[in-house]
Structure formats: C-alpha cells, structure tokens
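Novice: need a structure here:
(2 chains)
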Amino acid sequence: QSVLTQPPSASGTPGQRVTISCSGSSSNIGSNYVYWYQQLPGTAPKFLLYRNNQRPSGVPDRFSGSKSGTSASLAISGLRSEDEADYYCAAWDDSLSGLLFGGGTKVTVL
Amino acid sequence: QVQLVESGGGVVQPGRSLRLSCAASGFPFSGYGMHWVRQAPGKGLEWVAVISYDGDTKYYTASVKGRFTISRDNSKNTLYLQMNSLSAEDTAVYHCAKGHSGWRNGVDYWGQGTLVTVSS
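Specialist: A predicted model of the protein is given here:
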C-alpha cells in the first residue's frame, strides 16, 4: 500500500483535460517537492515534472502540475493518444528517510 | 547524454544472493545521489535505496533493510546493489536512477532496468 494515494485510473477523449490527484501527508508532500513520471507500456519511467510544476526540457506544456498543502495534481490538457500511459507521483518522506511513489494512475484515451 | 545501464539480473533461488551493477555516463557521477527503484511484474514503482554522492549516507526501504546494500565506486562511475536472502517478493525489474539536484528530491534519469526473478 503506497503512502502517496493516486486514483487507479483516469480517462478522457482526445482533446479533453484529465487531472490526476496525489494525496500525501505533512512528512512528504507537505514538506518536499513533488515529482511526476510517465511510464509507457514496456518502457522505463520518464521524468515528467519536478519541483511540483516544472517541466524538463522536451516535455510539452500540455502537462502541468500543482501542489497545495499535502496534495498535488497533474493535469494533461489537449489529451492525445500517445498520452495513454501510467503516471506516478513521488516525493521524499522525511519520516521514512526515503522516496515515496504513488500507486500509479493508468490514463486511457477513449 | 545521460546513460544508465543496469546488469546482473537473472534467475536466483530463494535465500541466495545477487549483485546488480549500474554503469553511468554522460554526467558527473560523483556529484549526484543515486537510487535503486524496482517494479514487480504488473505492479507500481517501489523505491528501494539511495546513496549520497560520496557514499557516506545510505537509506533503504523497510522491506530490504539488513538484506540489501547499496554502494558506489566513483572511480568507475558505477552503482551497485548487493541483494542477500532473496525471496519471491523481491522479483522485479530493478532500475537505477539518478538523483535530481540535491538531497530529499526525486530522480530524473532512469535506466532500462534488469529483471531479477527469485524462484526455485
């Protein structure tokens, strides 16, 4: 059971906006940066967002992030078929002295 | 460009040991913390361990403490994971990952992973 809680699935039609939540606690999201990763089927995870809402070079601005208190969210606007993947949030946990991952959210493009 | 290439995976019997390696290139290896993250078949990502840039600080997830040891050789740009007393629950793809900008942060670059199967 992950300490960071994500919905197991989300879906939308092409062009729609999809939002994925990530809920934690004061020892992780509440006091550290949130990271997001995209994992396409059969591949290694890809660095998607860092420091809550920053995009590495090459990541489209359709992907955005936000954080408030002990929760964070990832939004995908203008949904495309190639966005169909698993998405994971992560944050360092000061109590556990370790990196925590959410359970992952599978995004389906209908 | 950053490259992380894992090796050392395979099929191992319960209770036996295995050592994974991760060869790093394309960045100043000795300047970054490094992590191991695993993914059991059909499951999500699970963080395993982290080591500081100089090797002095190491942290582990509870389920591997006392059994796994993370280490690094900065002269060889290589990260290691020594895994002892393996059980079926350790079956997973093991990825090494580069720490992103300092301590208490996530990771940025990932290797493709090496599969460890614990089975009799």
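Novice: if you skip the residues just before and after it, what's nearest to the closest residue to chain B within chain A?
Specialist: The nearest approach of chain A to chain B comes at residue A:35, 3.3 Å away (C-beta to the nearest C-beta). Yep, even glycine has a C-beta here, placed from its N, CA and C like the rest. Once flanking residues are discounted, residue A:35 sits nearest to residue B:106: 3.3 Å by C-beta to C-beta, 6 or more residues apart in numbering or on different chains.
Novice: so the one you found makes contact with residue A:90?
Specialist: Yes - under the criterion of C-beta atoms under 8 Å, residue B:106 makes contact with residue A:90 at 4.9 Å.
Novice: any residues in contact with both of the two?
Specialist: A:35, A:99 (C-beta atoms under 8 Å, 6 or more residues apart in numbering or on different chains).
Novice: Contact partners for residue 78?
Specialist: No chain was given, so I picked chain A. A:15, A:17, A:62.
Novice: hm, I was asking about chain B
Specialist: Residue B:78 sits next to B:21, B:22, B:23, B:24, B:72 when contact means C-beta under 8 Å, 6+ apart.
Novice: Would you quantify the distance from the first one to chain A?
Specialist: What it means is residue B:21. 17 Å (C-beta to the nearest C-beta, to the nearest Å).
Novice: That residue and residue B:70, how far apart?
Specialist: Residue B:21 is 12 Å from residue B:70, where distance means C-beta to C-beta, to the nearest Å.
Novice: element containing the residue lying farthest from the centre of chain A?
Specialist: Computed with C-alpha atoms, centre = their mean, the residue of chain A farthest from its C-alpha average is residue A:95, at 21.6 Å. Using DSSP states H and E, residue A:95 sits within no helix or strand.
Novice: Can you pull the residues of chain B lying near chain A?
Specialist: Residues of chain B lying near chain A by C-beta under 8 Å from any C-beta of the partner chain: B:35, B:37, B:44-47, B:50, B:59-62, B:95, B:100-101, B:104-113.
Novice: Just the buried subset of these, please.
Specialist: B:35, B:37, B:44-47, B:50, B:59-61, B:95, B:100, B:104-111, B:113 (16 or more other C-beta atoms under 10 Å in any protein chain shown).
Novice: Please work out which residue of chain B is closest to chain A.
Specialist: Counting by C-beta to the nearest C-beta, chain B gets nearest chain A through residue B:106, at 3.3 Å.
Novice: For that residue, which residues are in contact?
Specialist: Listed by C-beta under 8 Å, 6+ apart, the contact partners of residue B:106 are A:33, A:35, A:50, A:90, A:91, A:92, A:99, B:99, B:100.
Novice: hmm, try it at 7 Å
Specialist: Counting by C-beta atoms under 7 Å, 6 or more residues apart in numbering or on different chains, residue B:106 touches A:35, A:50, A:90, A:99, B:100.
Novice: is chain B contacted by stretch A:86-104?
Specialist: Yes - judged by C-beta under 7 Å from any C-beta of the partner chain, stretch A:86-104 comes into contact with chain B at A:88, A:90, A:92, A:97, A:98, A:99, A:100, A:101, A:103, A:104.
Novice: Distance from the chain centre to that stretch, please.
Specialist: Averaging C-alpha positions (C-alpha atoms, centre = their mean, to the nearest Å) puts stretch A:86-104 10 Å from its chain's average.
Novice: What lies in contact with that stretch?
Specialist: Stretch A:86-104 is contacted from outside by A:2-6, A:8, A:20, A:22, A:24, A:27-29, A:31-39, A:45, A:72, A:74, A:105-107, B:35, B:44-47, B:50, B:59, B:61, B:104-106, using C-beta under 7 Å, 6+ apart.
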